[in-house]
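Enquirer: Fold the following for me, if possible:
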Amino acid sequence: MSIPKQPQRFEELPELLTPKDLISYLPIGRDSVYTALKSQAIRNVRVGQKLLITRAALRDFLGGAVE
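Expert: Numbers count the residues shown, from 1 in each chain. Below you'll find the model as predicted:
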């Protein structure tokens, strides 16, 4: 589920994202991403040991202000 190249547009992101994907896409650091995930500021689900984030959850976190 890793993003092969840095996406230029929000719609180019895969439907399911990992924390690593968020770190490469968002202009915030690793600790900030994990803090937002832990507090559910960015909605996510845990599947086994993986955290998964939908593109819709990321859109909500960004306040719908995506292109």
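Enquirer: Who are the contact partners of the residue nearest the centre of the chain?
Expert: Nearest to the mean C-alpha position of the chain, by CA atoms, centre = their mean, lies residue 22 at 3.8 Å. Applying CB atoms under 8 Å, 6 or more residues apart in numbering to residue 22 gives the contacts 33, 42, 53, 58. Any C-beta I mention is one placed from the backbone N, CA and C, and that applies to glycine too.
Enquirer: Include distance to residue 16 and pLDDT when you put these into CSV, please.
Expert: Formatted as CSV, those follow (distance: CB to CB, whole Å; pLDDT from 0 to 100):
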residue, distance to residue 16, pLDDT
33, 16, 97
42, 13, 96
53, 7, 98
58, 10, 95
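Enquirer: Among those residues, name the ones in strands.
Expert: In strands, defined here by DSSP state E, the members of those are residue 53.
Enquirer: Which one of the contacts of residue 22 is nearest to residue 18?
Expert: Nearest to residue 18 among the contacts of residue 22, counting by CB to CB, is residue 53 at 7.4 Å.
Enquirer: ok, the closest one - contacts?
Expert: Residues near residue 53 by CB under 8 Å, 6+ apart: 16, 17, 18, 19, 21, 22, 37, 42, 43, 44.
Enquirer: Let's see that with 6 Å instead.
Expert: Residue 53 is in contact with 17, 42, 44, counting by CB atoms under 6 Å, 6 or more residues apart in numbering.
Enquirer: Report pLDDT for the last one.
Expert: The pLDDT attached to residue 44 in the predicted structure is 98.
Enquirer: Sketch out the strands for this protein, chain order is fine.
Expert: Here the chain has its strands, by DSSP E, at 16-17, 45-47, 50-54.
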